[in-house]
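Colleague: Need coordinates for the following:
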Amino acid sequence: MIICKNCGLKKHYTKGLCKKCYSKQYRLKNKDNLSKKAKEYHKRYYFKNKDKISKRIEKYQTKNKDNLSKKAKEYRIRNKDKISKKAKEYRIRNKDELKEYRIQNKDKILKRNKEYRHKNKNKILKKRKKHYTKNKDKILKRNKEYQIKNGDRLKEYRKGYNLKNKDKRKEYYLNNKDKISKRGKEYRIRNKDELKEYRIQNKDKISKRVKEYYSKNKDKKKNYYIKNIERISKRNKEHYSNNKDKISKRGKEWRIKNKNKISKRGKEKYSKNKDKILKCNKKWRTKNKDKVRKSGRTYRLKYPDKARSGNLRYRVRITKNTCFNITESTIKKIRIRDNKLCVYCNKDGTDFDHIIPVAHKGFFKTSNSINNLVLSCKKCNGSKQHKNIFEWCYENNKEIPKIVIELLHKQTLQNKIKI
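Modeller: Residues are numbered from 1 along each chain as shown. Below is the predicted model:
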């Protein structure tokens with residue numbers, strides 16, 4: 001017995017080493033040759049005894065199922081990086097073979113994946129959520145970059161997919177309507193600020209897209225509205241009752257911003273559909289007389305100046321001629337005749353008063369004639385308004401001027417008017 005050079009123990013030896021140390025050295029030197037031989041031997045043995053080996057593995061797995069799963073999990077956790085590296089290297093090495101295998105066994109792979117997803121649905125969802133929460137920023141960046149690079153390709157793919165699977169999508173929507181609506185609401189609530197920014201940045205794009213859609217699907221929209229009138233009206237009423245203040249504020253702000261646009265649109269609509277609008281308004285007024293009276297009273301109390309100007313416009317419309325547009329020649333003649341003084345109080349005559357008011361029906365032709373116009377101050381003209389001259393003079397304890405009586409006499413001779 002002689003001492004080993006490597007381990008220092010008295011054992012049987014070969015070339016100054018014990019059997020263990022010698023075998024180790026030999027394996028290290030001839031590593032590649034031995035691995036090739038071992039692989040060839042294992043392959044030959046496996047093909048000869050395939051059924052035996054598979055049965056033996058199944059028996060062992062059934063007996064030691066829990067232990068094996070625990071050991072496998074522990075091994076994967078310990079050697080996570082190693083396993084991922086090996087898998088990547090294997091895929092790179094056998095790229096072409098894997099492609100061919102996928103093409104040949106496409107249906108098998110799809111079936112296997114569907115079965116696995118159906119069995120382990122909850123597991124997959126949990127894993128995805130965990131992965132998304134950990135790597136949210138990375139995933140979003142990656143998706144954005146991919147969309148920017150392949151934007152046109154994705155659009156074409158979506159269009160083609162939607163055309164092919166139109167019926168499937170409709171069925172899925174009808175079956176999962178509530179789920180889809182809930183998911184949409186949750187998404188809008190989560191990404192409220194981002195959606196606002198997107199709308200502000202891409203305002204023109206969105207408006208164009210909406211106009212194009214409505215122009216293409218005008219008939220569809222009408223038919224849908226006719227079919228679902230009751231449901232739409234209920235939904236709108238509920239929304240208005242819940243968000244009354246918001247809607248009123250938003251409407252006021254929009255009207256203030258787009259005042260000119262609204263007026264233009266209203267004028268165009270009125271000019272195109274004048275007869276229809278007038279008929280509808282008349283019908284509504286005849287049906288709702290009490291409402292019209294109440295609204296008129298409230299409006300006059302709130303806005304007295306506007307109401308007066310509206311009355312003047314109404315008088316002009318009744319007379320069907322330019323009552324308040326007096327020619328320069330008539331103005332000069334009246335001023336010379338009345339000595340630039342008010343006929344009723346002998347103060348500076350700044351206004352022109354109609355002796356027989358414009359509002360009196362049956363008097364349309366001679367409203368702006370010299371025989372019906374007289375100089376007056378603002379005070380007298382404002383207090384007289386549309387009253388008869390005899391009544392007004394009696395109320396204010398004033399004598400009827402001689403010029404007024406002469407002019408009235410001339411008018412009766414010309415037009416045979418009863419005052």
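
Colleague: Show the contacting residues for Lys123.
Modeller: By Cβ atoms under 8 Å, 6 or more residues apart in numbering, no residues touch Lys123. From N, CA and C alone the C-beta is placed, and that goes for glycine too.

Colleague: Quickly find the element holding it.
Modeller: helix 121-134 (DSSP states H and E).

Colleague: low-confidence ranges in this protein?
Modeller: For the chain, the stretches with pLDDT under 70 are 1-2, 5-6, 8-16, 308-325, 359-367, 414-419.

Colleague: how is it carved up into domains?
Modeller: 10-119, 134-244, 261-318, 326-415 (automatic domain parsing).

Colleague: contact partners of the helix or strand just after the helix holding Lys123?
Modeller: Downstream of helix 121-134, the next assigned helix or strand under DSSP H and E is helix 136-149. Contact partners of helix 136-149, identified using Cβ under 8 Å, 6+ apart, comprise Tyr132, Leu154.

Colleague: swap in stretch 151-166?
Modeller: Gln147, Arg169.

Colleague: Alpha carbons only: can I get that stretch in CSV?
Modeller: What follows is stretch 151-166 as a C-alpha-only set of coordinates in CSV (Å, rounded to 0.1, in the frame of the first residue of the first chain):
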residue,chain,number,x,y,z
GLY,A,151,-49.0,51.7,-36.4
ASP,A,152,-50.1,51.2,-40.0
ARG,A,153,-49.7,47.5,-39.9
LEU,A,154,-51.8,47.2,-36.7
LYS,A,155,-54.6,49.4,-38.3
GLU,A,156,-54.8,47.2,-41.4
TYR,A,157,-54.8,44.0,-39.2
ARG,A,158,-57.6,45.4,-37.0
LYS,A,159,-59.7,46.3,-40.0
GLY,A,160,-59.3,42.9,-41.6
TYR,A,161,-60.0,41.1,-38.3
ASN,A,162,-63.1,43.2,-37.7
LEU,A,163,-64.5,42.5,-41.1
LYS,A,164,-63.8,38.7,-40.9
ASN,A,165,-65.2,38.3,-37.3
LYS,A,166,-68.2,40.8,-37.5
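
Colleague: Looks to me like Ser369 is in a helix.
Modeller: No. Using DSSP: H, G, I helix; E, B strand; the rest coil, the secondary structure at Ser369 is coil, not a helix.

Colleague: mind checking how far it is from Lys39?
Modeller: 124 Å (Cβ to Cβ, to the nearest Å).

Colleague: quick one: stretch 163-173 to chain centroid distance?
Modeller: Put simply, stretch 163-173 sits 24 Å off its chain's centre (Cα atoms, centre = their mean, to the nearest Å).

Colleague: still on that earlier bit, which one of Ser369 and Lys39 is surrounded by more residues?
Modeller: More crowded of Ser369 and Lys39, by other Cβ atoms under 10 Å: Ser369, with 16 against 10.

Colleague: quick one: contacts for the more buried one?
Modeller: Neighbouring residues of Ser369 by Cβ under 8 Å, 6+ apart: Thr330, Gln411.

Colleague: Now it: phi and psi?
Modeller: When read as degrees, to the nearest 10, the backbone of Ser369 gives phi -80, psi 160.

Colleague: ok, it to Ile200 distance?
Modeller: Ser369 is 62 Å from Ile200, where distance means Cβ to Cβ.

Colleague: Same check on Ser69?
Modeller: 54 Å.

Colleague: Same question for Asn122.
Modeller: As judged by Cβ to Cβ, Asn122 and Ile200 stand 40 Å apart.

Colleague: same question, Asn339
Modeller: According to Cβ to Cβ, Asn339 stands 68 Å off from Ile200.

Colleague: next one: Lys170
Modeller: Distance from Lys170 to Ile200, by Cβ to Cβ: 33 Å.

Colleague: Please apply the same query to Lys294.
Modeller: 43 Å.

Colleague: So between those two, which is more surrounded?
Modeller: When neighbours are counted by other Cβ under 10 Å, Lys294 and Ile200 differ, and Lys294 comes out ahead with 11 against 8.

Colleague: remind me, longest helix of the chain?
Modeller: Determined from DSSP state H, the single longest helix within the chain is helix 31-48.

Colleague: just checking, what packs against the helix or strand following that helix?
Modeller: With elements assigned by DSSP H and E, the helix or strand that comes after helix 31-48 is helix 50-63. Packing partners of helix 50-63 (3 or more Cβ pairs under 8 Å, 6 or more residues apart in numbering; DSSP states H and E): none among the helices and strands.

Colleague: just the angle between helix 50-63 and helix 31-48, please?
Modeller: Following axes from the mean of the first three to the mean of the last three Cα atoms, to 10 degrees, one obtains 90 degrees for the angle between helix 50-63 and helix 31-48.

Colleague: surely Gln411 meets His354?
Modeller: No. Contact status for Gln411 versus His354: not in contact, 11.3 Å apart, counting by Cβ atoms under 8 Å.
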